[in-house]
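Student: next input, structure requested:
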Amino acid sequence: MAEIVLFTLVGIALYFAADWLLQWLERARGRPFAHRQAIYFVIILVLALGVFRLINYVQTGA
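Tutor: Numbers count the residues shown, from 1 in each chain. A predicted model of the protein is given here:
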């Protein structure tokens, strides 16, 4: 049960972090990206893989 709650909270945090990062990148660039959905997907995928790998490392210790 604890893992479900943890993964849900991490997923929500990743959603907002990826959105913030995409908006920050667009502001730094000065204009919106043409394919925002694809870039958002790549950002959230990279963040999710990293965070869930970190969670797995912390839980198993390996």
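Student: which residues sit against stretch 50-62?
Tutor: For stretch 50-62, contacts defined as C-beta atoms under 8 Å, 6 or more residues apart in numbering pick out Leu6, Phe7, Val10, Leu14. The way it works is simple: take the backbone N, C-alpha and C, and place the C-beta from them, glycine included.
Student: buried ones from the residues you listed, can you make that a PyMOL selection?
Tutor: Command for PyMOL, covering only those of the contacts of stretch 50-62 found buried under the criterion 16 or more other C-beta atoms under 10 Å:
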select buried, resi 10+14
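Student: and which of the contacts of stretch 50-62 is nearest His35?
Tutor: Lowest distance from His35 to those (C-beta to C-beta) belongs to Leu14, with 19.9 Å.
Student: would you check that that closest one makes contact with Leu49?
Tutor: No: contact criterion C-beta atoms under 8 Å: Leu14 and Leu49 do not qualify, at 10.3 Å.
Student: in the helix or strand where Leu54 lies, what counts as buried?
Tutor: Using DSSP states H and E, Leu54 sits in helix 36-60. Residues Ile39, Tyr40, Ile43, Ile44, Leu47, Ala48, Val51 are the ones in helix 36-60 that count as buried (16+ other C-beta under 10 Å).
Student: grab the longest helix from the protein for me.
Tutor: helix 2-29 (DSSP state H).
Student: could I get the buried residue list for stretch 9-26?
Tutor: Neighbour counts using 16+ other C-beta under 10 Å place Val10, Leu14, Ala17, Ala18, Leu21, Leu22 of stretch 9-26 among the buried residues.
Student: residues contacting the fifth one?
Tutor: Right, Leu21. Ile43.
Student: then the third one?
Tutor: If you count contacts by C-beta under 8 Å, 6+ apart, Ala17 has them with Leu47.
Student: now do the second one
Tutor: Under the criterion of C-beta under 8 Å, 6+ apart, the contact partners of Leu14 comprise Ile44, Leu47, Ala48, Val51.
Student: so which of the residues you listed comes closest to Met1?
Tutor: Val51 (19.8 Å).
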